[in-house]
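Engineer: Structure for this input, please:
(one chain, ligands or ions: 2)
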Amino acid sequence: MTNIFAVILAAGQGTRMKSKLYKVLHPVCGKPMVEHVVENIQTLDVSRIVTVVGHGAEKVKDQLGEKSEYVIQQEQLGTAHAVIQAESILSSLEGTTLVVCGDTPLIQPETMKALYEHHNNQKAKATILTAVAGNPTGYGRVLRDENGQVSQIVEQKDATPEQQLVTEINTGTYCFDNKALFEALKLVNNENAQGEYYLPDVIEILQKQGEIVSAYTCANFDETLGVNDRVALAQAEELMRARINEKHMRNGVTIINPMSTHISADAQIGRDTVIKPGTIIEGHTVIGEDCIIGPNSNIVNSRVGDRTTVSNSVVTDSSIGEDTAVGPFAHLRPESQLGNHVKIGNFVEVKKSTLGDDTKVSHLSYIGDAEVGSNVNVGCGSITVNYDGKNKFKTIIEDDVFVGCNSNLVAPVKLGAGSFIAAGSTITKEVPADALGIARSRQENKLDYAKKLK
Ligand code: UD1
Ligand code: CA
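Structural biologist: Ligands and ions are numbered 1, 2, ... in the order given. Got it, this is the predicted structure:
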């Protein structure tokens, strides 16, 4: 147990997002902003994390679960008022409290660590993380006295035109002596342009009390981007995408065109895998080594084994073995499990089915609700007929079956091991092992009849 605590501010509605979804739940690279913030904090030596929730409280709690404790801010009266809600949990504790906004998803743990260390070295009661913005509009400005010491933060709406020229901004991340924080919060008033209780006012209050207040400047403004609207959301997405892609490239993944490659924050990719342009890898996807993924593939919450290729295909909630080829133009829908050395070719859809090792479904097939063994060949255009309009039924295809082209396998049905289905069959009854199943009308040739038709 350390005596470092964190408060995450996440109660605002986020009016400027113009959204039904609460601001801090908007995803950046597939993960809600506030979750990025909480997970970053978790990597530090913090003993308690308290998230202040208000708008969408239940949804935020559902998202973060056990990663945090929660306090409710019933009315959003400002960031100082938000921190006060954590009083019941934190105010009696000796220690240091980090405060971070739930809408600054890019701040790195290393930066928070550096802020904390600076705060300790300065023996400060409050240290504010600042950055220099190319365009500071919308942010609180950091005012410093003639000695360069921070004296005050002034919000955009309260700033004089002269103050608005200041480019050093408050990033919304702070480090406080915990007791000094809760004492100073009592003195914050709401006499300002927005009629809100501003957390940054604590800086001025402590400074006027003669306490040491300090600032630590983050060298990289991009890291401190605050997401208040969808324009900033897109900027955050772009910055985080680049960061994630760089991490994978440094770990040995080739990304042919990082600009057109989107990889979720939680995805893992093995070495020497090549990601081709136009690929989107989402959720908790795990991709092995030496794979070729893309171009234009979308893989969601799935596992892909080593040396597998996925080209121009969509894979959702599925798992694919090693040395397997998927696509081009294949669709693996949820709960599909492919073994090793499998081939799923063009215009093949697989849903809620398992396919054993060395099985091939190479062209124009639908395999749904099926258990397919190993070394099975499903011919072009063959499909499982799994749905009667009300219920779904299962197809079982045992090992070493050969399904001729354009067969309909009307479920529930079973094809025994080693059986052979003649092309064009509509199979409605079980085919015993090693049998030939043929279910089509016989061909008749009427000699010379074609001439009469012409
Ligand atoms: C805030 C800072 C500003 C800083 C900027 C950095 C204040 C008054 N201003 O401005 O100096 O430059 O962040 O991004 O703090 N929240 C609550 N309860 C409330 C109000 C807000 O929990 O009553 C939460 C919001 O959900 C959000 C965070 O606090 O996650 C910041 O609030 P927001 O309204 O975005 O503040 P900014 O105007 O961006
Ligand atoms: Ca903000």
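
Engineer: tell me which residues form a beta bridge with Lys360?
Structural biologist: Counting by DSSP bridges, Lys360 is bridged to Lys343, Asn377.

Engineer: Tell me how many other residues surround it.
Structural biologist: 18 (other CB atoms under 10 Å). Just so you know, the C-beta spots here come from the backbone N, C-alpha and C atoms, and that holds for glycine as well.

Engineer: Next to ligand 1, which bits of the stretch 51-200 of the chain? Give me the list.
Structural biologist: Residues of the stretch 51-200 of the chain lying near ligand 1 by CB under 6 Å from any ligand atom: 52, 73, 76-79, 81-82, 101-104, 139-140, 153, 155, 169-172, 198-200.

Engineer: In helices, which of the residues you listed appear?
Structural biologist: Thr79, His81, Ala82 (DSSP state H).

Engineer: Which residue ranges make up the domains of the protein?
Structural biologist: Domain assignment for the chain by the TED database gives 4-224, 230-437.

Engineer: Quick check: end-to-end length of the first one?
Structural biologist: With CA to CA, to the nearest Å as the measure, the first residue of domain 4-224 is 21 Å from its last.

Engineer: Any stretches of this protein with poor pLDDT?
Structural biologist: Residue ranges of the chain with pLDDT under 70: none are present.

Engineer: Regarding it, what is its longest strand?
Structural biologist: Determined from DSSP state E, the single longest strand within the chain is strand 168-177.

Engineer: could you point out which element follows that one?
Structural biologist: Per DSSP states H and E, the first helix or strand lying C-terminal to strand 168-177 is helix 178-185.

Engineer: now the angle between strand 168-177 and that next one, please.
Structural biologist: Angle of helix 178-185 versus strand 168-177, following axes from the mean of the first three to the mean of the last three CA atoms, to 10 degrees, is 120 degrees.

Engineer: which other helices and strands contact helix 178-185?
Structural biologist: In terms of contacts (3 or more CB pairs under 8 Å, 6 or more residues apart in numbering; DSSP states H and E), helix 178-185 is packed against helix 79-84, helix 87-90, strand 96-101, strand 126-132, helix 201-208.

Engineer: Export these to CSV and append columns for mean neighbour count.
Structural biologist: Output for the helices and strands packed on helix 178-185, formatted as CSV (neighbours: other CB atoms under 10 Å):
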stretch, mean neighbour count
helix 79-84, 24
helix 87-90, 15
strand 96-101, 25
strand 126-132, 25
helix 201-208, 22
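
Engineer: Could you export these to a markdown table, including columns for distance to Glu335?
Structural biologist: Compiled in a markdown table, the helices and strands packed on helix 178-185 are given as follows (distance: least, CB to CB, whole Å):
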| stretch | distance to Glu335 |
| --- | --- |
| helix 79-84 | 42 |
| helix 87-90 | 42 |
| strand 96-101 | 38 |
| strand 126-132 | 45 |
| helix 201-208 | 52 |
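
Engineer: Give me the phi and psi angles of the residue in the stretch 51-200 of the chain that ligand 1 sits nearest to.
Structural biologist: With CB to the nearest ligand atom, the shortest gap between the stretch 51-200 of the chain and ligand 1 falls at Gly140, namely 2.3 Å. Main-chain torsions, Gly140, degrees, to the nearest 10: phi -70, psi 140.

Engineer: The closest residue to it other than its chain neighbours pairs with what?
Structural biologist: Excluding the flanking residues, the one nearest Gly140 by CB to CB, 6 or more residues apart in numbering is Asn170, at 3.9 Å. With DSSP bridges applied, Asn170 shows beta-bridge pairing to Thr130.

Engineer: Can you classify Asp62 as helix, strand or coil?
Structural biologist: Three-state call for Asp62 (DSSP: H, G, I helix; E, B strand; the rest coil): helix.

Engineer: Write out the residues of the chain neighbouring ligand 2.
Structural biologist: Residues of the chain lying close to ligand 2 (CB under 5 Å from the ion) are Asp103, Gly226, Asn228.

Engineer: Would you mind giving the residues you listed as a markdown table with distance to Pro328 added?
Structural biologist: Below are the residues of the chain next to ligand 2 laid out as a markdown table (distance: CB to CB, whole Å):
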| residue | distance to Pro328 |
| --- | --- |
| Asp103 | 40 |
| Gly226 | 42 |
| Asn228 | 41 |
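
Engineer: Let's have those in a markdown table, adding neighbour count.
Structural biologist: A markdown table is the format used below for the residues of the chain next to ligand 2 (neighbours: other CB under 10 Å):
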| residue | neighbour count |
| --- | --- |
| Asp103 | 24 |
| Gly226 | 20 |
| Asn228 | 17 |
